[in-house]
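Here is a sequence with its predicted model. Questions after.
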Amino acid sequence: MDAKITKSSAKEVNLTITKSDIGMLYIVQHELLKESGIEFAGVIMKHPLTRECLMRVNTSKGNPLKEIEKATKTALDNTNDLKKLINSKIKGA
């Protein structure tokens, strides 16, 4: 995955993300939207053949890049918990 900041201000950041699956970005978007300081978090696939995605995050308070980092960490933690649960069920079967 490659990410590039295309626009940045105190309350907004726009990223161009390549070599990634949009499903992962939807999970990060979901975690972002749970936070009260997030006014907008959106992800779109620019074109399916280029696999280029765009992400925009607007905050009412806080740094939008820090919020993306926090949401990504939460998504990773939740994914690891799910992996552990699935592995325990497979080994127990």
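Done, it's in.

Tell me who's in contact with the residue nearest to K61 when sequence neighbours are not counted.
Nearest non-adjacent residue to K61, counting by C-beta to C-beta, 6 or more residues apart in numbering: G37, 4.5 Å away. Any C-beta I mention is one placed from the backbone N, CA and C, and that applies to glycine too. G37 makes contacts with T59, S60, K61, G62, E67, as judged by C-beta atoms under 8 Å, 6 or more residues apart in numbering.

gap between the third one and K34?
When C-beta to C-beta, to the nearest Å is the yardstick, K61 and K34 sit 15 Å from each other.

swap in the second one?
Counting by C-beta to C-beta, the separation of S60 from K34 is 14 Å.

Where do the strands of the protein begin and end?
In the chain, the segments counted as strands under DSSP state E are 2-8, 12-18, 38-47, 52-59.

winner for burial among these?
strand 52-59 (a mean of 19; mean count of other C-beta atoms under 10 Å).

burial of L82, as a residue count?
10 (other C-beta atoms under 10 Å).
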